[in-house]
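K.L.:
Got a sequence here, can you build the structure:
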Amino acid sequence: MLAALGIDDRTEAVYRLLLTRRNWGVAEYAEHLRMSQGEVREALDQLAALRLLRESGQAQDSLRAVSPKVGLGLLLQQQEDALLRRQRELAESQEAILTLAEEFADPLADEAVHGVEVLDGLDAIQLRLEELARGCSDECLSFMPGGAQSASSLEASRPLDGALLGRGAEVLTLYQDSVRNDSATLRYAQWLTELGGGVRTAAVLPGRMVMFDRQTALLPLDPDNSRAGALQVSGPGLIAPLVQLFELVWARAAPFGTSRDREAGVGGPSEQEAALLGLLGQGLTDDIAARRLGLGVRTVRRMMSDLMSRLEARSRFEAGVRAARRDWVS
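P.N.:
So this is what the prediction gives:
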């Protein structure tokens, strides 16, 4: 009961007995409390240190217990004084921290006022995604480029998407066509659509993006490394163009569950093949084109070889010319 005042159970038991059995000695206290005499002496030392024992005015070289009202009241007052001092110290520390923070303010922190905040590292991104998802009530829009999604990414998205759909929010996700060859991403897309979400695919996507209620969006700091950090953007001037971009890509994308067959007639290119021709026509290397399409380099080279065969071209340059003549490249 008195632990908060620095008195343990054994010392409290000895103190209680001292108040009622003032003429007993150490041996009698020990026997009554079933303690050793050494333990009783330790308790007496502690009581003396706490000023709960005083010299007796009646018996020489003996001690008497100070009444609880006086002794414990004094201890309580000391605790209260210490608490007040600690509160003052904390208040002074808080004021010092605020002063130091203002003196050495991070320039990036000011950007948050204008609708941009930097999130450093994957943990910060995941934490902010969870916070924004909890506050989202109407809609979550996502660009998920890079082809097949990692198992960790899918696992992290599942509880967030499930909670959003459970609250009745609309969840629209855009993947690349290449995920149609990845069983794990396909299973996730199927799970999402079965819960009422919308999933579509496009040959090429802009950078990764997750937007909540058309008010706040997260974008990668480094498009080639989404784990490095993110920008949180908000405000109509920043969000409106991103919404328009999403709606444009969504309208042209293929709903999940449909095939991506060739769309230009027999022998014509699929959207993914047309996108490849366009990327290579811009002078991009196979490696960069593969990343943009979410494919492996070998797959891109096989696709290009097949296109050259269908175009009856001996070189990529000739294939580009013939593709342009057939309107295979926009």
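
K.L.:
What is the burial count for Leu165?
P.N.:
Other residues lying near Leu165 total 17 when counted by other C-beta atoms under 10 Å. Bear in mind the C-beta positions are built from the backbone N, C-alpha and C, glycine included.

K.L.:
nearest spatial neighbour of it, skipping sequence neighbours?
P.N.:
Nearest residue to Leu165 in three dimensions, chain neighbours excluded: Leu195, at 4.6 Å (C-beta to C-beta, 6 or more residues apart in numbering).

K.L.:
What ranges does the stretch 101-250 of the chain have for its helices?
P.N.:
Under the criterion DSSP state H, counting those that start in this stretch, the stretch 101-250 of the chain carries helices at the ranges 107-113, 122-135, 151-166, 183-194, 236-252.

K.L.:
From Asp182, how far off is Leu295?
P.N.:
Separation of Leu295 from Asp182 (C-beta to C-beta, to the nearest Å): 11 Å.

K.L.:
Find residues that contact each of those two.
P.N.:
Between them, Leu295 and Asp182 share these contacting residues under C-beta atoms under 8 Å, 6 or more residues apart in numbering: Gly147.

K.L.:
okay, those two: which has more neighbours?
P.N.:
When neighbours are counted by other C-beta under 10 Å, Leu295 and Asp182 differ, and Leu295 comes out ahead with 24 against 17.

K.L.:
Who are the contact partners of that one?
P.N.:
Taking C-beta under 8 Å, 6+ apart as the definition of contact, the neighbours of Leu295 are 147, 178, 303.

K.L.:
Can you tell me, leaving aside adjacent residues, what's nearest to Ala65?
P.N.:
Using C-beta to C-beta, 6+ apart, the nearest residue to Ala65 is Leu18, at 3.8 Å.

K.L.:
Gly207 now?
P.N.:
Distances taken as C-beta to C-beta, 6+ apart put Pro223 closest to Gly207, at 4.6 Å, once the chain neighbours are dropped.

K.L.:
Any stretches of the stretch 201-330 of the chain with poor pLDDT?
P.N.:
Screening the stretch 201-330 of the chain residue by residue with the criterion pLDDT under 70, one finds the ranges 257-267, 330.

K.L.:
repeat that with 90
P.N.:
Judged by pLDDT under 90, the stretch 201-330 of the chain has its weakly predicted residues at 201-208, 221-229, 234-239, 248-330.

K.L.:
Now do the strands in it.
P.N.:
Under the criterion DSSP state E, counting those that start in this stretch, the stretch 201-330 of the chain carries strands at the ranges 209-212, 216-222, 225-234, 254-255.

K.L.:
Just tell me which of these ends up closest to Leu72.
P.N.:
Nearest to Leu72, of all the strands of the stretch 201-330 of the chain, is strand 225-234, at 54.4 Å by C-beta to C-beta.

K.L.:
For the closest one, which helices and strands make contact with it?
P.N.:
If you count contacts as 3 or more C-beta pairs under 8 Å, 6 or more residues apart in numbering; DSSP states H and E, strand 225-234 packs onto strand 116-120, helix 122-135, strand 216-222.

K.L.:
Strand partners (parallel or antiparallel) of the last one?
P.N.:
Under the criterion DSSP bridges, strand 216-222 sits next to strand 209-212 (antiparallel), strand 225-234 (antiparallel) in its sheet.

K.L.:
which of those sits most buried?
P.N.:
Burial of these is given as mean neighbour count (mean count of other C-beta atoms under 10 Å); strand 209-212 ranks first at a mean of 23.

K.L.:
Quick one: closest of the strands of the stretch 201-330 of the chain to Ile97.
P.N.:
Proximity to Ile97, assessed across these by C-beta to C-beta, is greatest for strand 225-234 (24.2 Å).

K.L.:
Check the offset of that closest one from the chain's centre.
P.N.:
Put simply, strand 225-234 sits 12 Å off its chain's centre (C-alpha atoms, centre = their mean, to the nearest Å).

K.L.:
List the contacts of that strand.
P.N.:
112, 115-122, 124-125, 128, 146, 208, 215-222, 239, 242.

K.L.:
now the angle from that strand to helix 236-252?
P.N.:
If you take axes from the mean of the first three to the mean of the last three C-alpha atoms, to 10 degrees, strand 225-234 sits at 120 degrees to helix 236-252.
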